[in-house]
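# sequence plus the predicted model coming up.
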Amino acid sequence: MAKARDVLGLRCDDPFGTTAARVVSVRVEELLEHADGVLDIGDIERVHDMRVASRRLRATMEVFEPCFPRKRFRTALKEVKAIADALGERRDRDVSVVALKKFSQGLEVPDQRGVEMLVDQLREEQSLANDRLAPFVDRRRLLDLRDRIGELVAAADRMAA
């Protein structure tokens with residue numbers, strides 16, 4: 001699992017809004033960092049890492065919600081949740097495929113064929129989940145989300161000053 005980046009420069013006497021701005025900025029950058037290659041079904045850990053990053057961002061945003069303009073915050077949070085949900089749909093299939101393949105190794109050949117059929121079905125579902133995920137991890141869409149969250153961060157910084 002991808003380790004969360006440290007948020008540098010935090011101090012106990014910083015205003016809550018300043019802290020919100022710093023932490024959310026780092027978490028949104030983590031989300032973008034993990035987007036590269038996330039649609040590669042051959043490397044399922046990328047989906048896992050991005051999903052973890054999306055959950056960290058969501059949790060951070062929710063903790064610091066009072067620091068942000070309500071309407072813009074809700075819109076951005078809704079997008080983060082949608083990304084997390086789409087990642088989760090793909091991740092569920094990834095995990096199931098790995099588990100079934102491991103399970104089938106201890107079975108007799110005729111039983112392995114039955115499990116292979118289930119794996120094939122899950123691979124189709126995995127592909128469909130990937131198709132649904134693709135728009136959420138589009139680089140332009142993610143950059144737009146980062147910009148919108150950047151506006152929230154700037155507003156929190158201004159309110160804290």
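Sure, I can see it. Numbering: from 1, shown residues only.

# show me what counts as buried in the top helix by length along the chain.
The longest helix of the chain (DSSP state H) is helix 70-104. Buried residues in helix 70-104, counted by 16 or more other C-beta atoms under 10 Å: 73, 76-77, 79-80, 83-84, 86-87, 89-91, 93-94, 96-97, 104. No exception for glycine: its C-beta is placed from N, CA and C like everyone else's.

# just checking, what packs against that helix?
helix 44-63, helix 109-133, helix 139-160 (3 or more C-beta pairs under 8 Å, 6 or more residues apart in numbering; DSSP states H and E).

# tell me where the model's unsure across the chain.
1 (pLDDT under 70).

# that older thread, next, the angle from the longest helix of the chain to helix 139-160.
130 degrees (axes from the mean of the first three to the mean of the last three C-alpha atoms, to 10 degrees).

# next, the angle from helix 70-104 to helix 109-133.
160 degrees.

# chain center to helix 70-104, what's the gap?
7 Å (C-alpha atoms, centre = their mean, to the nearest Å).

# if we can go back for a sec, which of the helices and strands packed on helix 70-104 is buried the deepest?
helix 44-63 (a mean of 20; mean count of other C-beta atoms under 10 Å).

# dump the helices and strands packed on helix 70-104 into CSV; add distance to P69 as well.
Below are these laid out as CSV (distance: least, C-beta to C-beta, whole Å):
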stretch, distance to P69
helix 44-63, 13
helix 109-133, 29
helix 139-160, 5
